[in-house]
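Peer 1: Take a look and give me a structure for this.
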Amino acid sequence: MAKKAVKIALNSLFGLFVCLALGYSVCMRVWPEETTAVVGYRFYTVVTGSMEPTIPTTSVVLTRCLREGETPQPGQILTFRADRLGEEIVLTHYLREVKPDETGRVRFYTQGENADRYDDYATYREDLIGTYVLHIPYLGKIQAFLISSNALSMFVIVGLILAVYKLMLKNMDLTEQLQAAQLRPGVAGPATPGTGPEPRGKRRERRHARPKRKKGPAVQEASRSVRLHGAALERVTPGTVRFSGEVENTGDAPLEALLLEVRLLDGRGRQVGTGEVLLAGGALEPAGRRAFCAEWKADPLAASYAVKVRREPQPAAECAAVG
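Peer 2: Predicted structure coming up:
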């Protein structure tokens, strides 16, 4: 139970992370300035080696945006805008010095880690974006691929391959189950009218409406006289299975009401669900045999199941593992 709760919690956290990441990406594309003002952080991809080995090429850098009136100090790593031959680019370099230039404006002198002199770009306070927080090495390669035109095609192809692979595994597993002594799909719930379990309320009403039988050797003998033969299974559709077999009355009294009960088991043999169906066909005479067939909706929680036939409302007389 604890492992299941931990698994659910981890899956929930992962789903929340994916949703937040997708929401952040969409907002940054549609409302970049507004999103940055609310979040206070931005991601940038390093495309050159000017900061190696501190920040490798293709790393994703997390930058904390500067607040109003905040001034960075020399020695910090800055992310800033620069004008390269008329094109605006974004760089992440060391801040080496802050001092007024010849015009009297406060200039921020930056330098790459591998450079032997300051950058030629004239950087002022309005060009600064924020200060370096951390970086994730080589994540930029994945980011570049995800925004490429090949990513969507690859996702579609991988999805189709996984779907076909999963279908093949199901078919192979069913074939092995049918050939084995014990078959292992789980079942739950009726798939066709008249073949599934009755609602609990109606079943209780019908039981109370039946005349009470006297307990004694004859009743116990009748309950032990029900036998199940040839329990088998076949898959009708990917979500439906059909199990069949024969019931035999080996006693000396007619059997009027027979129930087929199904117990769903997990991979460790623990019960995870039950179901039952009233077998049609009227009374079963002594020494008589009658075939039955019922379809059920497959349950992904069950790794196997056991079926047993019993005379309602007496205890089970015969049990067969059908998997």
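
Peer 1: give the contact list for His159.
Peer 2: Quick fix: residue 159 is Gly, not His. Contacts for Gly159 were tallied using CB atoms under 8 Å, 6 or more residues apart in numbering; there are none. Backbone N, C-alpha and C define where each C-beta goes, glycine included.

Peer 1: Adjust the sequence numbering to begin at 23 for everything that follows.
Peer 2: Let's use 23 as the start, then, which means that last one is Gly181.

Peer 1: I'd guess it is in a strand, am I close?
Peer 2: No: counting by DSSP: H, G, I helix; E, B strand; the rest coil, Gly181 is not part of a strand but helix.

Peer 1: For stretch 164-178, the averaged confidence score.
Peer 2: Throughout stretch 164-178, pLDDT has a mean value of 70.

Peer 1: Phi and psi next, for Tyr143.
Peer 2: phi -70, psi 140 (degrees, to the nearest 10).

Peer 1: Which positions within stretch 35-55 qualify as buried?
Peer 2: By neighbour count on 16 or more other CB atoms under 10 Å, the buried set for stretch 35-55 is Met50.

Peer 1: Checking Leu32 next. Helix, strand or coil?
Peer 2: helix.

Peer 1: which residues touch it?
Peer 2: With CB under 8 Å, 6+ apart as the criterion, no residue contacts Leu32.

Peer 1: mind checking pLDDT for it?
Peer 2: 85.

Peer 1: Please apply the same query to Lys330.
Peer 2: 77.

Peer 1: Can you give the strand pairings for the host helix or strand of it, parallel or anti for each?
Peer 2: Counting by DSSP states H and E, the element that carries Lys330 is strand 326-333. When sheet partners are counted by DSSP bridges, strand 326-333 sits next to strand 280-287 (antiparallel), strand 340-344 (antiparallel).

Peer 1: worst average pLDDT in the ones you listed?
Peer 2: Across those, strand 340-344 has the smallest mean pLDDT, namely a mean of 47.

Peer 1: And the strands in the stretch 23-172 of the chain, which stretches?
Peer 2: Applying DSSP state E, counting those that start in this stretch to the stretch 23-172 of the chain gives strands spanning 63-67, 82-87, 99-106, 109-122, 128-133, 150-158.

Peer 1: and Ala31, how many neighbours?
Peer 2: Ala31: 10 surrounding residues under other CB atoms under 10 Å.

Peer 1: State the distance from it to Lys25.
Peer 2: 11 Å (CB to CB, to the nearest Å).

Peer 1: Also Lys319?
Peer 2: 27 Å.

Peer 1: The two: which is more packed in?
Peer 2: Under the neighbour definition other CB under 10 Å, Lys319 and Lys25 were set side by side, and Lys319 has more, 16 against 7.
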